[in-house]
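Peer 1: no sequence on this one, just coordinates:
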């Protein structure tokens, strides 16, 4: 069985990679790769803004959960998503119960409570699409959060008691992101601290000034 890919206009088969092969390659590789159904996706280097946001979020979680049993993990913790044949590296992972692992090496997590992804142009479509769909199938997951790195906007998807997911959005640096499963909140200003967000440019259209109307005096010719 092969996964098909196009290179330079030619149809070249790409060999199917088993889960065992993926783990062996990924553990030895210098660059992390995610995996889905026989294919590996190499992780691209992150921007300054991306890394700053991740650092800010981890710092806020650590500060607010200092006396909490939850564990905050950075983006090098590999996550296995059961039933989907997917392995991923979320930017931030929070585990509230005892961590469960898929391997004796304890490098493949199974039971995240919260996942955070900082969106980038190269990964946003996949993060919002098939990856988010896979996340929703994790039984332990209570919330997953998308953070935009180009503007102050955060989207939080929360699981309700009946299993449905509800979206809440926060925009602007004056807002606050509430994380129900941890009973905590993070100010948008803290998430985007030291992040150079693009300034909104408004086109200023000058309108012609209206002439003031006053009483006009008619000139009359003197006879």
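Peer 2: That came through, no problem. All values reported here derive from a predicted model rather than from experimental measurement.

Peer 1: pLDDT below threshold where in this protein?
Peer 2: Low-confidence segments of the chain (pLDDT under 70): 1-13, 200-223.

Peer 1: Would you point out which residue is most central in it?
Peer 2: The centroid of the chain falls nearest to residue 117 when counting by CA atoms, centre = their mean (2.4 Å).

Peer 1: Quick check: closest non-adjacent residue to that residue.
Peer 2: Among residues not flanking residue 117 along the chain, residue 127 sits closest, at 5.0 Å (CB to CB, 6 or more residues apart in numbering). Placement of C-beta: from N, CA and C, glycine included.

Peer 1: Roughly how far does the residue nearest to the centre of the chain sit from residue 55?
Peer 2: As judged by CB to CB, to the nearest Å, residue 117 and residue 55 stand 15 Å apart.

Peer 1: how about the residue nearest to the centre of the chain, secondary structure?
Peer 2: Using DSSP: H, G, I helix; E, B strand; the rest coil, the structure places residue 117 in strand.

Peer 1: mind listing the helices for the chain?
Peer 2: Counting by DSSP state H, the chain has helices at residues 19-28, 48-64, 124-126, 132-135, 188-191.

Peer 1: can you list these in a markdown table and add distance to residue 165 and mean neighbour count?
Peer 2: Converted to a markdown table, these look like this (distance: least, CB to CB, whole Å; neighbours: other CB atoms under 10 Å):
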| stretch | distance to residue 165 | mean neighbour count |
| --- | --- | --- |
| helix 19-28 | 27 | 14 |
| helix 48-64 | 21 | 18 |
| helix 124-126 | 18 | 14 |
| helix 132-135 | 9 | 17 |
| helix 188-191 | 21 | 18 |
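
Peer 1: can I get those helices in CSV with distance to residue 72?
Peer 2: What follows is the helices of the chain, written out as CSV (distance: least, CB to CB, whole Å):
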stretch, distance to residue 72
helix 19-28, 22
helix 48-64, 4
helix 124-126, 24
helix 132-135, 18
helix 188-191, 15
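
Peer 1: Can you check which of these gets nearest to residue 79?
Peer 2: Of all the helices of the chain, the one in closest proximity to residue 79, counting by CB to CB, is helix 132-135 (9.0 Å).

Peer 1: Which residues does the closest one contact?
Peer 2: Contacts to helix 132-135, defined as CB atoms under 8 Å, 6 or more residues apart in numbering, come from residues 81, 84, 86, 88, 115, 141, 144, 157.

Peer 1: got TSV for these, with distance to residue 97 and neighbour count too?
Peer 2: Shown next, in TSV, are the contacts of helix 132-135 (distance: CB to CB, whole Å; neighbours: other CB atoms under 10 Å):
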residue	distance to residue 97	neighbour count
81	17	20
84	21	17
86	21	19
88	19	23
115	15	23
141	12	19
144	17	23
157	20	18
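
Peer 1: Nearest to residue 74, out of those: which one, please.
Peer 2: Nearest to residue 74 among those, counting by CB to CB, is residue 115 at 12.5 Å.

Peer 1: Surely the closest one is in contact with residue 147?
Peer 2: No. Using CB atoms under 8 Å as the test, residue 115 is too far from residue 147 to be in contact (11.4 Å).
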